[in-house]
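Undergrad: next input, structure requested:
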Amino acid sequence: MSSQVSSRRREKPLSALVGSIPGAKIEGNPEVVVGGIAYDSRSVEREWAFIAVRGQRYDGHDFLLDAVNRGASALIVEPGSSSPPPGVAVAVVPNTRAAMAVVARAFYDDPSSSLTLAGVTGTNGKSTTVLMLDALFRVAEKSSGVIGTLEYRIGERRLKAKHTTPEAIDLQSLLAEMVDSGVTHAAMEVSSHALALHRVDGCRFDAAVFTNLTPEHLDFHADMEAYWHAKRQLFEDEQYLPQGRERVNAVNIDDEAGREIARTALGRTLTYGLSVEAHYRAENVELRPDGTRFIAVYPAGKSPISMQLVGEFNVYNALGALAAAIGLGIEPEVACRAIEEMAPIRGRFERVPSKIRNVLVDYAHTPDSLRRALETARTIAPGRVIVVFGCGGDRDRTKRPVMGEIASRLSDWCVVTSDNPRSEEPHDIIEDIVGGIPEDLKGKCEVEDDRAKAIRRAIERATAADVVLIAGKGHEDYQIFADRTIHFDDREVAAEALKEIEKSVENA
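TA: Residues are numbered from 1 along each chain as shown. Just a heads-up that it's a prediction; the model follows:
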């Protein structure tokens, strides 16, 4: 649903909104007043413009009359659409989805140009890196905003996140509200969907961070080449560069795709990683169940860091955030202090409090992120590694057997369960996963369709020396089935199971 988050009243003539779109033609009054914009006809109000976007399920051109009946004064459509009622202005553009970003930027007065905006893209680590950047901005006494999977935040005001990166109208509205609220700095996740679907067109990024590239979203992108092309646009397309300021890129060169981006990115590029040639690197990394220690080495010197976040991948996330923030002018000492002060991030290798078991909840839902999470669990587990995981329905099926193989190989015990099955049968998804488990490893794996039971079973099997990793859903507090969505939080289920075990130990 499109909506206007920005509270300030805005009015623009239609000509001002579409004038910069190549090939745009206006039929009717080009100076008709537009007091709001929407891509969902149900959101249209009097004197608004309705943008008819072709989606995967619906075509906005089928709802032109509904938009007019709700008070639309202007329509933005593609060639060949049906004629509107008399008195309604129509702008015909080659591609309404691409046009939507241009229109939204114009309507909201190009808000990203009034912010120091940092964008983070890559397969894994986007959410954590964005929150690290936000923490760095705040410790540096900047008024900061966040747009990402975990939340949208305008200063101290939190909004529920609907998409990792919102649709163009919603995104520009959020950025405008930040500007109106006095926010000066913002960190945003930039998904491959957002780049491919023109959601971030119209945004100017002062900093861009690349984390890594592994197979994901191949249900949306035709292949890895298309996925890779979408990601690299952020670094190679001039439209995303700030005006009158230099772009800073922070690029992980321990990743093959990152090394390519470091060669082709527009602007000033700072590299990071564990490689000795990286501009920002970590030395003497010490991984522990309760946090991580390392020495951050950067062009101006080095600083010891002791952070609460666990795992080598969080070292990479921290280095990416440090490179971008210091590249933007934040003092290294301030940036490093912010990393040290950060609290664990919800659903990102998050420890469930317990005196008797080591239980971690992580969002790992791709082969690479699951591999990384299990390898990290191994480095901090005195005993065994036990994993509970599943795969989402209506998503890339090819990753299911791959994740089955990874989980069975890298864990000591594996419980395969349901994730968000959506329209698929949970057992069918599980069968795809189990199909990838080698015969000689199936003896250490079990299947439990009920996710709550699977989590309890894994925790009951564990000892105080073991690490239980609950992977796949992370911060999510719901489970999606074909006919319903229920409240479900891995952390809550694990906490309840731990409470029961603690009580039984006390009564023994």
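Undergrad: name the SS class of residue 249, please.
TA: strand (DSSP: H, G, I helix; E, B strand; the rest coil).
Undergrad: over to the one 5 residues further on?
TA: For residue 254, the reduced secondary structure class is coil; criterion used: three-state DSSP.
Undergrad: next up, the contacts around it.
TA: By Cβ atoms under 8 Å, 6 or more residues apart in numbering, residue 254 lies in contact with 273-275, 278, 316. C-beta coordinates here come from the backbone N, C-alpha and C atoms, glycine included.
Undergrad: from those residues, pick the one nearest residue 432.
TA: Nearest to residue 432 among the contacts of residue 254 is residue 316, at 30.1 Å by Cβ to Cβ.
Undergrad: ok, that closest one - how many residues close by?
TA: The local packing count at residue 316 equals 25, with neighbours defined by other Cβ atoms under 10 Å.
Undergrad: so what pLDDT did it get?
TA: Looking at residue 316, its pLDDT reads 97.
Undergrad: that one and residue 252 touch, don't they?
TA: Yes. Look at residue 316 against residue 252 with Cβ atoms under 8 Å: they come within range, at 6.2 Å.
Undergrad: what two of the contacts of residue 254 have the greatest distance between them?
TA: 275 and 316 (11.2 Å).
Undergrad: distance of residue 250 from residue 412?
TA: Distance of residue 250 to residue 412, given as Cβ to Cβ, to the nearest Å: 36 Å.
Undergrad: so those two - more neighbours on which side?
TA: The residue with more neighbours, out of residue 250 and residue 412, is residue 250; 31 against 15, by other Cβ under 10 Å.
Undergrad: residue contacts, the more buried one?
TA: 207-210, 270-272, 280, 320-321, 323-324, 327.
Undergrad: got a winner among those for most neighbours?
TA: residue 209 (35 neighbours).
Undergrad: can you pull the contacts of it?
TA: Applying Cβ under 8 Å, 6+ apart, the residues contacting residue 209 are 118-122, 129, 133, 249-251, 320-321, 323-324.
Undergrad: mind redoing it with 7 Å?
TA: Taking Cβ atoms under 7 Å, 6 or more residues apart in numbering as the contact definition, residue 209 lies against 118, 120, 129, 250, 320, 324.
Undergrad: gap between it and residue 24?
TA: 34 Å.
Undergrad: same thing with residue 135?
TA: Noted for residue 135: a distance of 42 Å to residue 24, by Cβ to Cβ.
Undergrad: what's the answer for residue 201, then?
TA: 15 Å.
Undergrad: more neighbours, those two?
TA: Remark: of residue 201 and residue 24, residue 201 carries more neighbours, 22 against 19, as counted by other Cβ under 10 Å.
Undergrad: tell me if the more buried one really is in a helix.
TA: No. The assignment for residue 201 by three-state DSSP gives coil, which leaves it out of any helix.
Undergrad: I figured it hits residue 237, correct?
TA: No. Contact between residue 201 and residue 237 fails when scored by Cβ atoms under 7 Å: they sit 9.0 Å apart.
Undergrad: shared neighbours, these two?
TA: Between them, residue 201 and residue 237 share no contacting residue, judged by Cβ under 7 Å, 6+ apart.
Undergrad: residue contacts, residue 207?
TA: 118, 248, 250, 324, 327-328.
Undergrad: what is it paired to in the beta sheet?
TA: As for beta bridges, residue 207 partners with residue 118, residue 248 under DSSP bridges.
Undergrad: distance check, it against residue 333.
TA: 19 Å.
Undergrad: likewise for residue 381?
TA: 34 Å.
Undergrad: among the two, which residue is more densely surrounded?
TA: Taking other Cβ under 10 Å, residue 381 and residue 333 do not tie; residue 381 has more neighbours (20 against 11).
Undergrad: what about the strand or helix carrying residue 401, distance to the chain center?
TA: Under the criterion of DSSP states H and E, residue 401 resides in helix 399-410. Offset of helix 399-410 from its chain centre (Cα atoms, centre = their mean, to the nearest Å): 23 Å.
Undergrad: repeat that for stretch 264-281.
TA: 22 Å.
Undergrad: between the two ends of that stretch, how far is it?
TA: 21 Å (Cα to Cα, to the nearest Å).
Undergrad: among the contacts of residue 250, which one lies nearest to residue 79?
TA: Using Cβ to Cβ, the contacts of residue 250 come closest to residue 79 at residue 208, 34.2 Å.
Undergrad: so that closest one touches residue 233, yeah?
TA: No. Residue 208 is not in contact with residue 233 according to Cβ under 7 Å; the separation is 10.4 Å.
Undergrad: which parts of the stretch 251-400 of the chain are strands?
TA: 268-273, 280-288, 291-298, 301-307, 350-352, 358-362, 385-389 (DSSP state E, counting those that start in this stretch).
Undergrad: off-centre distance for the fifth one?
TA: Once both centres are worked out by Cα atoms, centre = their mean, strand 350-352 turns out to sit 20 Å from its chain's centre.
Undergrad: please identify the pairing partners of it and their relative orientation?
TA: Here, using DSSP bridges, strand 350-352 pairs with strand 358-362 (antiparallel).
Undergrad: the fourth one too?
TA: With DSSP bridges as the test, strand 301-307 is paired with strand 291-298 (antiparallel).
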